[in-house]
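**Q** Quick one, structure for this:
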Amino acid sequence: MRATTDCCCHTSFSLPLLEALHLNESLNRLLSAEARSAAIKRALACREKLQQCLKCLTPPQPFGLQELYIKEGILCPLSVNGSCILFEARPIRCRTNGGSTLDPLFLESVMGELSRLSQETFLVLAGQFPRGTGIYSSLIDTVSGKFIQTYFHLMARTKNQS
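**A** Below you'll find the model as predicted:
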C-alpha cells in the first residue's frame, strides 16, 4: 500500500534508536535490492544538498532546519512519485503529518515510550545507558545506513567513559 499524499515528505526529524532500527529492517525486508539502493542514493543526495544549503547560510539565517527543507525543496528519500515506498512501516512522525492526525498527548506519550525503549535497547547493546539527551538519528541517516556508524561510535564512547 502506498501513501496518497506526500505532506510528510517535506519535513526534517530525528528517529529514536528503536524506530531507526525498525525502519532499517523494513528497508531490507520490504524493498527489492534495486529499490533499496535507489533509496540510499536519494538519502545521500539529500544529505549532500542539505550540507550545501547549510554552507550557503552565511550569516546563519533565522529559520531552522524545517524551513530549510521546505525552502530548498528537500524531499524524503522514501518518497517516489508523491508516494511513500515504505508506507506501512513509516515512522510515527510521518503518520501524524501525512493526513491522519494523532492526539498530541498520545503522540508525546508514544515518542516518550519509544525513547525509553531505545535507551534500554542501547543498554543491552552497549552495557550501559548512553550519556546525553538521547539517541536519535535523522531520517536521511537512517535510510542511508549512516545511523549504524553513529551508534557504534556512541557505543565506543560510552564504553570508554566507564
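**Q** So for this protein, which residue is the most central one in space?
**A** residue 139 (2.0 Å; C-alpha atoms, centre = their mean).
**Q** what's the lowest-mean-pLDDT helix or strand in the chain packed up against?
**A** Ranked by mean pLDDT, DSSP states H and E, the weakest helix or strand in the chain is helix 65-72, scoring a mean of 74. Using 3 or more C-beta pairs under 8 Å, 6 or more residues apart in numbering; DSSP states H and E, the elements in contact with helix 65-72 are helix 33-56. For glycine as for every other residue, the C-beta is placed from the backbone atoms N, C-alpha and C.
**Q** packing partners for the helix it packs on?
**A** Helix 33-56 sits against helix 17-30, helix 65-72, helix 139-144, with contacts defined as 3+ C-beta pairs under 8 Å, 6+ apart.
**Q** in that helix, what counts as buried?
**A** 36, 39, 40, 42, 43, 44, 46, 47, 49, 50, 53 (16 or more other C-beta atoms under 10 Å).
**Q** that older thread, highest average neighbour count across the helices and strands packed on helix 33-56?
**A** The highest mean neighbour count among the helices and strands packed on helix 33-56, using mean count of other C-beta atoms under 10 Å, belongs to helix 139-144: a mean of 24.
**Q** same for it, what does it pack against?
**A** Packed against helix 139-144 by the contact rule (3+ C-beta pairs under 8 Å, 6+ apart) you find strand 14-16, helix 17-30, helix 33-56.
**Q** what packs against the helix or strand following it?
**A** Once the chain leaves helix 139-144, the next helix or strand it forms, by DSSP states H and E, is helix 146-160. If you count contacts as 3+ C-beta pairs under 8 Å, 6+ apart, helix 146-160 packs onto helix 17-30, helix 104-126, strand 136-138.
**Q** who wins for proximity to residue 88 among the ones you listed?
**A** helix 17-30 (7.7 Å; C-beta to C-beta).
**Q** Next, the angle from that closest one to helix 33-56.
**A** If you take axes from the mean of the first three to the mean of the last three C-alpha atoms, to 10 degrees, helix 17-30 sits at 140 degrees to helix 33-56.
**Q** how about the CA coordinates for helix 17-30, as CSV?
**A** Taking Å, rounded to 0.1, in the frame of the first residue of the first chain, the C-alpha atoms of helix 17-30 are listed here in CSV:
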residue,chain,number,x,y,z
LEU,A,17,17.1,4.2,18.0
LEU,A,18,14.3,1.6,18.1
GLU,A,19,12.4,3.4,15.3
ALA,A,20,15.6,3.7,13.2
LEU,A,21,16.3,0.0,13.6
HIS,A,22,12.7,-0.8,12.6
LEU,A,23,12.9,1.4,9.5
ASN,A,24,16.2,0.0,8.5
GLU,A,25,14.9,-3.6,8.9
SER,A,26,11.9,-2.7,6.9
LEU,A,27,14.0,-1.2,4.1
ASN,A,28,15.9,-4.5,4.0
ARG,A,29,12.9,-6.8,4.2
LEU,A,30,10.2,-5.0,2.2
